[in-house]
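Q: Just need the structure, nothing else, for what follows:
(chains A and B)
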Amino acid sequence: MSKKLFLFAIGGTGSRVTKALTMLLASGVQLPDTSEVIPIIIDPHSTNSDLLRTVELLGHYQAIRNSLQTKPRQGFFGTEIKTLKQAIGSNANLPDNYVFELQGVQEEKFRDYIDFNGLEKTDKANGALANLLFTEENLDTKMDIGFVGNPNIGSTVLNQFRHSNVFKAFAENFADGDRIFIISSIFGGTGAAGFPILLKNIRNAEAGKIANPAFLRAAKIGAVTVMPYFSITTNEQKRVDSDTFIPKTKAALNYYARNVNQSVNALYYLGDDTTKSYTYDPGNNGQRNDAHLVEMVAALAIVDFMGMTDGQLDLTKPVGKDFGLKTDTTDLHLTHLADETQKQIGLPLSKMTLFSSYLNQRLSEAAGNMVWSKQTPELSSRFLNSDFVQKLRAFDAGFRDWLSEMSQNKRGFSPFVTNTDALNKVIRGYEPTKKNWLGKEQDVVLAFKEDYDALLNTIVEGKTYVSEADKFISLFSEATEQFIRTHFPNLPK
Amino acid sequence: MALEDSLYSFYEFFVSDDLLRDLYQQELLTPLTVSATAIALLGMTLYYYVLNGKRPKYDGMGQWLLVWLVSGVATFLVVLITCIQKAMQEEPRSANPDDGLFFDQGTGAFIVFSLELMVITMLLFFIFSVFLKRWSTHAKIRPFLWPDRIR
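A: Have a look, this model is predicted:
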């Protein structure tokens, strides 16, 4: 029976990993036996760029999929992604978006949130306790930019989640067999605090207080907790100090070992000691970190988790996993990843990259001029200007940015060449060669028109499609797969 | 001879009587018409099933027009050379010298006739294209998709 995946993405890392997962799902990576993914992003810094970019991409993904009359079960955009409201039904009293909006954090200092001044006057004991737990700097933190590396603030504020309509709606919609995955970082404020709190609220679900408590308590929960993989440039005013990342990680790991690990069915730990430094920028539209391989690997943890059987996810024997590379280098290609990882992402990402290249370099010339485009339903210049193609192009721009950012990050992951019309060069490390008549190895030349359009023409013969959009996605998903399987035989699949 | 007779009747509409009679008597109407048809068929096959057989390498409208034109020119040359060669043989039409020589109409008449067969070839090329392109994977939309607007 297909199951739903409730994906809780906490903090900036949560958003970025969700973005990576969206890219993988759009490329055709499959979550085994999963009917739909329901992302719920929890981040007090609601204007941070990473979150906004992720939400925008999710919107494009959904718009593209909704344009298809026959929803694909595999290939491009083959997985259903829904907001919680959509998953429940239109009557649910929830905002129709992916973000859980924390109350009382906009333009409000933590001091005001806990009514610290009132506490000191009316409840001296608790006031003294709060004074002990929170520094003046903590109390003066404005939370609309997040918890800026302070899990002690986060753990207080994020507790409101259990009283929220979102949490109640999630519980009501959670069925036996559905799964939960939580994405967080361990070295900041929001993720480090949010993960244990969320987990506690799910595992301690009580009858009478929340729906489906038995299901929630027995739910298969997976989590990825990301350890430091970037740093922050030092300056005088900074409120996040990357020198504290490691001590905070150690402290949090110690806490997790005692309070978290035994409540999670599968826990994935990720991190990297090769890091890039970002300028500290917590303001509006700030926190725009480049995409990183670690985030994609974290997204693969979700794929791995959904592929595990219920028998493998025994809470009495929690599974702990980490990730290794085949070759330790700072500029990674697919060939540097383990064969299993290559099998998971090699073909889908290559397909999407090839599709992206076609979209950018060839489509406008080919549409209306090649047999595959003329065959009914015709993909004409009118189609190229349609809302569907605009959404697709917007998603593709995000995909290209994602690849480009990963390639420029540390460590870099640059498996593809995206701006070439020599299609044989697209997958780094797997460029096809053949022996010439002298027995010498030489490149196999692959071109858009002579090779790729030829394949599209062949595939489209005798096929029927219900709409232009369906034809476009289905045809290109099939063609890119055949093209790569035929011309890149060494790529593990 | 039945074919030759039929072709004579056909060419009567637009070929000069003198040249047509010579062509008929030399039994050239059939081979020249077959050549024109064969060239059209060859040109069509070349475009749809050789040049664009495995890959859409020369599938543009410009390339279709070029092969179309080349087929016509090929027929033009074949017909013109045939007529000139026949004229150069200076074969008398009969024992009576007043009847003159075969193909003594002059190059101008040959060119006009060659152009007429060139047009026929191009017309046939077009007709063959329309009806036989449907089996082409990569170029069936040339010169246009009709009547192959099929699923």
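
Q: Could you tell me the per-residue confidence at the residue nearest the centre of chain B?
A: When C-alpha atoms, centre = their mean is applied to chain B, the residue found nearest the centroid is B:Ala36 (2.6 Å). pLDDT recorded at B:Ala36 is 98.

Q: how much space between it and chain A?
A: 29 Å (C-beta to the nearest C-beta, to the nearest Å). Yep, even glycine has a C-beta here, placed from its N, CA and C like the rest.

Q: what helix or strand is that residue on?
A: Element membership for B:Ala36, per DSSP states H and E: helix B:29-45.

Q: Show me what counts as buried in that helix.
A: B:29, B:32-33, B:35-44 (16 or more other C-beta atoms under 10 Å in any protein chain shown).

Q: list the contacts for residue 22?
A: All of this refers to chain A. A:Thr54, A:Leu57, A:Leu58, A:Tyr61, A:Ile81 (C-beta atoms under 8 Å, 6 or more residues apart in numbering or on different chains).

Q: Let me rephrase: I mean chain B.
A: Per C-beta under 8 Å, 6+ apart, neighbours of B:Asp22: B:Lys86, B:Arg93, B:Phe102, B:Phe103, B:Gln105.

Q: Let me have those residues in CSV, adding distance to chain A and pLDDT as columns.
A: Shown next, in CSV, are those (distance: C-beta to the nearest C-beta, whole Å; pLDDT from 0 to 100):
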residue, distance to chain A, pLDDT
B:Lys86, 45, 95
B:Arg93, 54, 90
B:Phe102, 49, 94
B:Phe103, 46, 94
B:Gln105, 46, 94
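
Q: Please point out which parts of stretch A:44-55 sit buried.
A: So for stretch A:44-55, counting by 16+ other C-beta under 10 Å, buried means A:Pro44, A:His45, A:Ser46, A:Asn48, A:Ser49, A:Asp50, A:Leu51, A:Leu52, A:Arg53, A:Thr54, A:Val55.

Q: cool, and stretch A:161-171?
A: Buried, per 16+ other C-beta under 10 Å, within stretch A:161-171: A:Phe161, A:Arg162, A:Ser164, A:Val166, A:Phe167, A:Lys168, A:Ala169, A:Phe170, A:Ala171.

Q: Same check on stretch A:128-138?
A: A:Ala130, A:Phe134, A:Asn138.

Q: what do you get for stretch B:123-138?
A: For stretch B:123-138, by 16+ other C-beta under 10 Å, it's B:Leu124, B:Phe125, B:Phe128, B:Ser129, B:Lys133, B:Ser136, B:Thr137, B:His138.

Q: is it anywhere near chain A?
A: Yes. Applying C-beta under 8 Å from any C-beta of the partner chain, one finds stretch B:123-138 touching chain A at B:Thr137, B:His138.

Q: How far away from the center of its chain is that stretch?
A: 16 Å (C-alpha atoms, centre = their mean, to the nearest Å).

Q: Other residues contacting that stretch?
A: Taking C-beta under 8 Å, 6+ apart as the rule, stretch B:123-138 contacts A:371, A:453-454, A:457-458, A:461, B:36-37, B:40-41, B:43-44, B:47-49, B:52-56, B:59, B:64, B:67-68, B:71-72, B:139-140, B:142-143, B:146-148, B:150.

Q: 7 Å instead?
A: Applying C-beta atoms under 7 Å, 6 or more residues apart in numbering or on different chains, the contact partners of stretch B:123-138 are A:371, A:454, A:457-458, A:461, B:37, B:40-41, B:43-44, B:48-49, B:52, B:55-56, B:59, B:68, B:71, B:139-140, B:143, B:147-148.

Q: end to end, how far does stretch A:99-110 reach?
A: In terms of C-alpha to C-alpha, to the nearest Å, the two terminal residues of stretch A:99-110 are separated by 21 Å.

Q: again with stretch A:38-57
A: 14 Å.

Q: Quick check: next helix or strand after the lengthiest helix in chain B?
A: With secondary structure taken from DSSP state H, chain B has its longest helix at helix B:61-88. Next helix or strand after helix B:61-88 toward the C-terminus (DSSP H and E): helix B:107-132.

Q: Just the mean pLDDT for that next one, thanks.
A: Mean pLDDT, helix B:107-132: 97.

Q: Tell me the residues of chain B that contact chain A?
A: B:Lys54, B:Arg55, B:Pro56, B:Lys57, B:Thr137, B:His138, B:Lys140, B:Ile141, B:Leu145, B:Arg149, B:Arg151 (C-beta under 7 Å from any C-beta of the partner chain).

Q: quick one, phi psi at A:Pro492?
A: phi -60, psi 130 (degrees, to the nearest 10).
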